[in-house]
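Student: my questions are about this predicted structure, shown below with the sequence.
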Amino acid sequence: MTISLDCEPRVVDVLRGDRQKRPRLDTTSAAGLRAQLEDGIHDIFTKDLPPSPLVVRPSSLRESWHATDLSSSTLGLIRGALVTQLLRLRLVGVTIDNAFDDAVAAWRADAGAGPLLATFDQLDGDDRARLATDVTAHDVTLSRCFGQLPSHWMARSCVRATQRLAGGHVILRDVVDLTIGANTAESTTVVLVDVTTSPLGESAERTLRFHALVETLRTSVVPLRSAVFSSATGEFWTRDIEPELLARSVDDVLEVLQALWSAR
């Protein structure tokens, strides 16, 4: 499903879908997906092993195809970090008075801010002013399209996951901007949402597939759906998690690993 610009219906209206049509929990597919990955990695490495682990992240999937995407630029990364902070603030019910200032304050309080924050502090006045205008515009789209998430949805922000394969020689790392639902019912309810500050394109499809694959490997339960929202355009893509989608993500990961292995 694709929603664009006017955000009608809103993101929250379609995330969980029709309760009566949710599939039963799939707790059997994870083992097969892990086996496919292990077999594919074995074929890539043959008799050699990397001296240090090969790491695949969502950015690895983007960089493979769109090395010049705005999200890979320094300002794009900073903008993305600030919009993520705004999402986190709204998720816990904080009232945003000044989108840019509030995002920067939350970012400074985040222990994981790291070197990117130091780069932000070195921006000149003009760059900072342009960034403030940009972040404010993205926040307008974010607030208009998301609205308020019900508290009983058990929403979590910036959920991190790590999966080790091939005896630790391959590591899958992921961070999901927004996760809702839990694997406690007979039917699956978990939805994964990625928020990007770039327009949606082919790399967005790979990202939402990757989120679904890592979540499946991490929990041994296939999530209900995976989605990506662009605060640049208001576009919202959502995909139900089916075997074909997970199989394509396995192919995506193996393609990235083959490229990393060939470039060593």
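Tutor: Yep, it's here.

Student: name the element the residue of the chain positioned farthest from its centre belongs to?
Tutor: No residue in the chain sits farther from the centre than K47, which is 33.5 Å out by CA atoms, centre = their mean. Using DSSP states H and E, K47 sits in no helix or strand.

Student: all strands of this protein, in order?
Tutor: Counting by DSSP state E, the chain has these strands, from start to end: 2-3, 54-56, 156-165, 170-180, 191-196, 225-230, 236-240.

Student: could you give the angle of the helix ranked longest in the chain to strand 236-240?
Tutor: In the chain, with assignment by DSSP state H, the single longest helix is helix 125-146. Taking axes from the mean of the first three to the mean of the last three CA atoms, to 10 degrees, one finds helix 125-146 and strand 236-240 inclined to each other by 50 degrees.

Student: could you list every helix and strand in contact with helix 125-146?
Tutor: helix 11-14, helix 74-91, helix 99-109 (3 or more CB pairs under 8 Å, 6 or more residues apart in numbering; DSSP states H and E). Placement of C-beta: from N, CA and C, glycine included.

Student: just say which of those is most tucked in.
Tutor: Burial of these is given as mean neighbour count (mean count of other CB atoms under 10 Å); helix 74-91 ranks first at a mean of 20.

Student: measure the residue lying closest to A31 once chain neighbours are set aside to A247 for me?
Tutor: Leaving aside its sequence neighbours, A31 sits nearest to S220 (CB to CB, 6 or more residues apart in numbering; 7.6 Å). Per CB to CB, to the nearest Å, S220 is found 17 Å from A247.

Student: just D39 next, same as before
Tutor: For D39, the distance to A247 - CB to CB - is 13 Å.

Student: the more surrounded of the two?
Tutor: It is A247, of D39 and A247, that has more neighbours when counted by other CB atoms under 10 Å, with 16 against 12.

Student: so who does that one touch?
Tutor: L33, Q36 (CB atoms under 8 Å, 6 or more residues apart in numbering).

Student: please compute how far stretch 114-125 lies from its chain's middle.
Tutor: 23 Å (CA atoms, centre = their mean, to the nearest Å).

Student: which parts of it are buried?
Tutor: By neighbour count with 16 or more other CB atoms under 10 Å, stretch 114-125 contains the buried residues F120.

Student: could you do stretch 231-244 as well?
Tutor: S231, A232, G234, E235, F236, W237, T238, R239, I241.

Student: of the strands of the chain, which is nearest E255?
Tutor: strand 54-56 (10.0 Å; CB to CB).

Student: which neighbouring elements make contact with the closest one?
Tutor: Partner elements for strand 54-56 (3+ CB pairs under 8 Å, 6+ apart): strand 170-180, helix 243-262.

Student: any idea which of those is most buried?
Tutor: Most buried among the helices and strands packed on strand 54-56, counting by mean count of other CB under 10 Å: strand 170-180, with a mean of 21.

Student: so for it, mean pLDDT?
Tutor: Averaged over strand 170-180, pLDDT sits at 95.

Student: the inter-axis angle of that strand versus strand 156-165?
Tutor: 160 degrees.

Student: what pairs with strand 170-180, and is each one parallel or antiparallel?
Tutor: Strand 170-180 has the following sheet partners, assigned by DSSP bridges: strand 54-56 (parallel), strand 156-165 (antiparallel), strand 191-196 (antiparallel).

Student: how far does that strand sit from its chain's centre?
Tutor: 6 Å.

Student: for stretch 48-55, same thing?
Tutor: 25 Å.

Student: first-to-last residue distance for it?
Tutor: 17 Å (CA to CA, to the nearest Å).

Student: what comes into contact with it?
Tutor: Contacts for stretch 48-55 (CB under 8 Å, 6+ apart): R164, A166, G168, H169, V170, I171, L172, R173, L257, L260, W261, R264.

Student: and the fifth one, bridged to which residues?
Tutor: When bridges are assigned using DSSP bridges, the partners listed for V170 are L54, L165.

Student: hang on, it packs against I41?
Tutor: Yes: contact criterion CB atoms under 8 Å: V170 and I41 qualify, at 5.6 Å.

Student: give me the common contacts of the two.
Tutor: What both V170 and I41 touch, as defined by CB under 8 Å, 6+ apart, is the set L257.

Student: all good on my end, thank you.
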